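>>> the following block contains a protein sequence and its predicted model.
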Protein chains: 2
Amino acid sequence: MKITIIIKSIMLSIQADLPFKINGGKQMDLSLIQSIAKENDTKIVLLVMDGVGGIPNNDQNQTELEAAFTPHLDKLAEESICGLQLPVGNGITPGSGPGHLGVFGYNPIKYQVGRGVLAAGGINFDLQHGDVAARGNFCTINEEGKVTDRRAGRISTELNQRLCNLLQENVNIPGVEIFVRTVKEHRFLLVFRGKNLSGEIHDTDPQETGKKPYGARVKHDGAKYTAELVDQFLSQSQEILKDEHPANMVLLRGFSQKPKWPSMKSCFKLKSAAIACYPMYRGVSKLIGMDVLETGESIESEFETLKKHWNEYDFFYLHIKKTDSYGEDGNFEAKKKVIEEVDRFIPGLRALNPDVIMVTGDHSTPSKLAIHSWHPVPVMIWSKDCRADPVKQFNETACLTGGLGSRFPAEDLFPIVLANAKRLEKFGA
Amino acid sequence: MKITIIIKSIMLSIQADLPFKINGGKQMDLSLIQSIAKENDTKIVLLVMDGVGGIPNNDQNQTELEAAFTPHLDKLAEESICGLQLPVGNGITPGSGPGHLGVFGYNPIKYQVGRGVLAAGGINFDLQHGDVAARGNFCTINEEGKVTDRRAGRISTELNQRLCNLLQENVNIPGVEIFVRTVKEHRFLLVFRGKNLSGEIHDTDPQETGKKPYGARVKHDGAKYTAELVDQFLSQSQEILKDEHPANMVLLRGFSQKPKWPSMKSCFKLKSAAIACYPMYRGVSKLIGMDVLETGESIESEFETLKKHWNEYDFFYLHIKKTDSYGEDGNFEAKKKVIEEVDRFIPGLRALNPDVIMVTGDHSTPSKLAIHSWHPVPVMIWSKDCRADPVKQFNETACLTGGLGSRFPAEDLFPIVLANAKRLEKFGA
């Protein structure tokens, strides 16, 4: 135990040294940027096309971005500094949380968050410090207790609501308050509130069919009490759901507790807003203090929301989900079409007269692989003083020769965005 | 002992993780270079054109370097390894101190120095460890005590000398020795010498007119005693200067103490000399143990000084100030002309037969912005063995595709310079 503590303190001191050593020696930690960030009346838009990066996957050996007709994104690229960014690191395939934290300027290895916490943020659940949150799936198990469908046939949100109410009303575990809340389709949020809870518990989801769900396995001994509570929840839920079909069991993932992170306001002096229709992205935005704006599910609705709130914020994060969804479906054409749809909103975005625009993704989701991947993601930063490079198209091949380089660390993008927005003081005399 | 071993192995594994984060992955600290630096009879010239980097600002969408006629710099680029360097970090606009320390091979975040200390070095004031130095401005205040001109109309150096003498003779603070020394025009140096002094005091300069100067505000409680001394200095100065015009008050900035830094001799085994006509650059050079050579204010005089002392040193830093001055004036044509003037001295420099030449700036000062900026700075390193890249011009666009890359950390340049000068031993067996 003592050894663990010593090691942790050394790890922290090493992390504290990192700023000198990172990214060409240039990675700054948030405290340095925080010390020089200043207010201004400039406006910044970050457009994230989820999973936009690809690898060649059509008969012309093109990526989705290369195949798409994107005259407005290409025009923006011509006036921007471009490159390919690494969300987390070389060879690392990012989840959506780290992928976003990087482009928000937060080191995604230092700032890690569990899926449970993200799910809570996504449905505006008021998670307290000390709570333990987990992402739940309703699933189907057979008579032997083995999982036959990890998503219970993607049940309707309405059915999900009835099942959540059933669990909420009937699960009873002394000493702890429990919240079961619908997210969407088969997904729900589970929160334990009480004393001495820990998020150090492994997923119960076996990740494949034909296996039984796991019980609550601890990562550290300090989580034993919480694991007992989770096991009680699992056994009671199985009993309560036993006559339901197809959703007769639950799988739990991403046990976690709300982290205490610095906000975008405190780090960057930005009044910031998120425009995202999917819960997870709303969740991660809230963790760093963004206001989450009400918006519809269409891309058009998201850009309308941007326009509607234009005068209220310094920084807008606008999230496009469908590039990733179609990428994960392996649907090259549909992903390409989403990119083309986004392209048609670029003139309207520019008409708002932002001072800085950054366009990128949180990771690549090549339709060829139908899953998140490790490939660097095209990025461009536009402002009237950005010192545009010769890149004239926004895609993987063209951005290779951009001024940001071909493997630019995502978390270093934000200081450049702030500099272009004239929101950083000079460093040193 | 066992614990130590465990910890060390963890530290190594964490250090091994660093490359994730490093752009080029290979930033060394000074101790490593120090351990392999060796003497040789090779000669190195570092030519720093202050603020040389720009952004497009003429009707051909060119930077100052791109517009300038620079046949000799371009010829040198053709035979050099080129790139763009980041003085401090992505998005960071460097002051002149950090901008120089980086190209001297010192990490500018680790080696921070106050303006007071730089000012002392600049006028050859023999600052002692424990002294507190501040940069002073003579300013004008009105009857209400509010600043109406932060530079008192840029009074003459002669008037400055009279006022400094007045303060030197009449300010009297028990327990501390005070030095008031003319720098140039409205600028002076203030030094407190005594026991238990601290430099942790905020600027008294309100940075804008219409406000009263601040009193001495401490950054830490340990500076309270020094702050009392500073407040006494301020009130006595105001009384002594009350009938002067326009310089009837003082503003103090950059309170700081002389740092204990390793010298260029101890780090790199270089006997080094600075050729710079502006005080600040002479100051920063002295902090790392360079000899500061007497020189005139013209570029011609600086190159003559180089020739005159050619046999006496291993390393020469030659500083051109006017590229920055005209950049800050927003004068594109004048900045371009200074670059062209420097170009004409390149054949003479090469005729001295140096082994290594590095040409760069300490930061960008685009005339379009008329202020220091965050944009990477063109750099080239020439030696007969440098492995020249295909870049054939010395400017922002051409250097983008150079062998050093488009965002090379400034403090990593110096090891390459030393290697080209055959002044580094092999690392490892």
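Great, that's in hand. Numbers count the residues shown, from 1 in each chain, chains lettered A, B, ... in the order given.
>>> stretch A:344-361: how far from the chain's middle?
Centroid displacement of stretch A:344-361 relative to its chain, using CA atoms, centre = their mean, to the nearest Å, is 21 Å.
>>> list the buried residues of that stretch.
For stretch A:344-361, a neighbour-count test (16 or more other CB atoms under 10 Å in any protein chain shown) marks A:344-346, A:349-350, A:354-361 as buried. Placement of C-beta: from N, CA and C, glycine included.
>>> and those residues as a markdown table, adding pLDDT and distance to chain B?
Converted to a markdown table, those look like this (pLDDT from 0 to 100; distance: CB to the nearest CB, whole Å):
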| residue | pLDDT | distance to chain B |
| --- | --- | --- |
| A:Arg344 | 98 | 28 |
| A:Phe345 | 98 | 27 |
| A:Ile346 | 98 | 22 |
| A:Leu349 | 98 | 22 |
| A:Arg350 | 98 | 19 |
| A:Pro354 | 98 | 17 |
| A:Asp355 | 98 | 14 |
| A:Val356 | 98 | 11 |
| A:Ile357 | 99 | 16 |
| A:Met358 | 98 | 12 |
| A:Val359 | 98 | 17 |
| A:Thr360 | 98 | 15 |
| A:Gly361 | 98 | 19 |
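>>> just these: which are in helices?
Under the assignment DSSP state H, the buried residues of stretch A:344-361 contribute A:344, A:346, A:349-350 to helices.
>>> so which of the buried residues of stretch A:344-361 is the closest to A:Thr209?
A:Gly361 (30.6 Å; CB to CB).
>>> neighbours of the nearest residue to A:Asn420 once chain neighbours are set aside, just the number please.
Closest residue to A:Asn420 apart from its sequence neighbours, by CB to CB, 6 or more residues apart in numbering or on different chains: A:Ser383 at 3.8 Å. Neighbourhood size, A:Ser383 [other CB atoms under 10 Å in any protein chain shown]: 23.
>>> how about JSON lines for the ones in helices among the buried residues of stretch A:344-361, with distance to B:Glu208 added?
Shown next, in JSON lines, are those (distance: CB to CB, whole Å):
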{"residue": "A:Arg344", "distance to B:Glu208": "45"}
{"residue": "A:Ile346", "distance to B:Glu208": "39"}
{"residue": "A:Leu349", "distance to B:Glu208": "35"}
{"residue": "A:Arg350", "distance to B:Glu208": "34"}
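>>> where in chain A is the helix or strand with the lowest mean pLDDT?
Scoring the helices and strands of chain A by mean pLDDT, DSSP states H and E places helix A:22-25 at the bottom, with a mean of 33.
>>> quick one: residues contacting A:Glu66.
Neighbouring residues of A:Glu66 by CB atoms under 8 Å, 6 or more residues apart in numbering or on different chains: A:56, A:395-397.
>>> thought A:Ala216 was touching A:Ser235?
No. With contact defined as CB atoms under 8 Å, A:Ala216 does not count as touching A:Ser235 (10.6 Å).
>>> can you map out the strands along the stretch 201-350 of chain A?
A:249-256, A:272-275, A:291-292, A:315-320 (DSSP state E, counting those that start in this stretch).
>>> er, the stretch 51-200 of chain A I mean
Secondary structure of the stretch 51-200 of chain A, counting by DSSP E, counting those that start in this stretch: strands at A:81-86, A:132-141, A:147-149, A:177-184, A:187-193.
>>> thinking again about what came up before, and the residue nearest to A:Asn420, how close does it get to A:Pro415?
As for A:Ser383, its distance to A:Pro415 is 13 Å (criterion: CB to CB, to the nearest Å).
>>> same deal with A:Val359?
Distance from A:Val359 to A:Pro415, by CB to CB: 17 Å.
>>> how many neighbours does A:Pro243 have?
In this structure residue A:243 is Asp, not Pro. Residues lying near A:Asp243 (other CB under 10 Å) number 7.
>>> next: A:Gly95.
Counted with other CB under 10 Å, A:Gly95 comes out at 19.
>>> which residue sits closest to it in space, ignoring its chain neighbours?
Leaving aside its chain neighbours, A:Gly95 sits nearest to A:His372 (7.1 Å; criterion: CB to CB, 6+ apart).
>>> could you say what helices and strands the helix or strand following the least confident helix or strand of chain A packs with?
Note on helix A:22-25: by DSSP states H and E, the next helix or strand toward the C-terminus is helix A:30-36. Counting contacts by 3 or more CB pairs under 8 Å, 6 or more residues apart in numbering or on different chains; DSSP states H and E, helix A:30-36 packs against helix A:264-268, helix A:413-420.
>>> one more time with 7 Å
Where contact means 3 or more CB pairs under 7 Å, 6 or more residues apart in numbering or on different chains; DSSP states H and E, helix A:30-36 is packed against helix A:264-268.
>>> would you mark the buried spots in the helix it packs on?
For helix A:264-268, by 16+ other CB under 10 Å, it's A:264-265, A:267-268.
>>> mean confidence for it?
Helix A:264-268 comes out with an average pLDDT of 97.
>>> mind exporting it as CSV, just the C-alpha atoms?
Output of helix A:264-268 as CSV, limited to C-alpha atoms (Å, rounded to 0.1, in the frame of the first residue of the first chain):
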residue,chain,number,x,y,z
MET,A,264,-12.9,25.8,-20.1
LYS,A,265,-13.7,29.0,-18.3
SER,A,266,-11.0,28.6,-15.7
CYS,A,267,-8.4,27.3,-18.2
PHE,A,268,-9.1,29.5,-21.2
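>>> what about that helix and chain B, any contact?
No. Helix A:264-268 does not reach chain B (CB under 7 Å from any CB of the partner chain); its nearest approach is 11.0 Å.
>>> A:Ile288 versus the residue of the stretch 201-350 of chain A found nearest chain B, what's the distance?
Proximity of the stretch 201-350 of chain A to chain B (CB to the nearest CB) peaks at A:Phe268, 11.0 Å away. According to CB to CB, A:Phe268 stands 10 Å off from A:Ile288.
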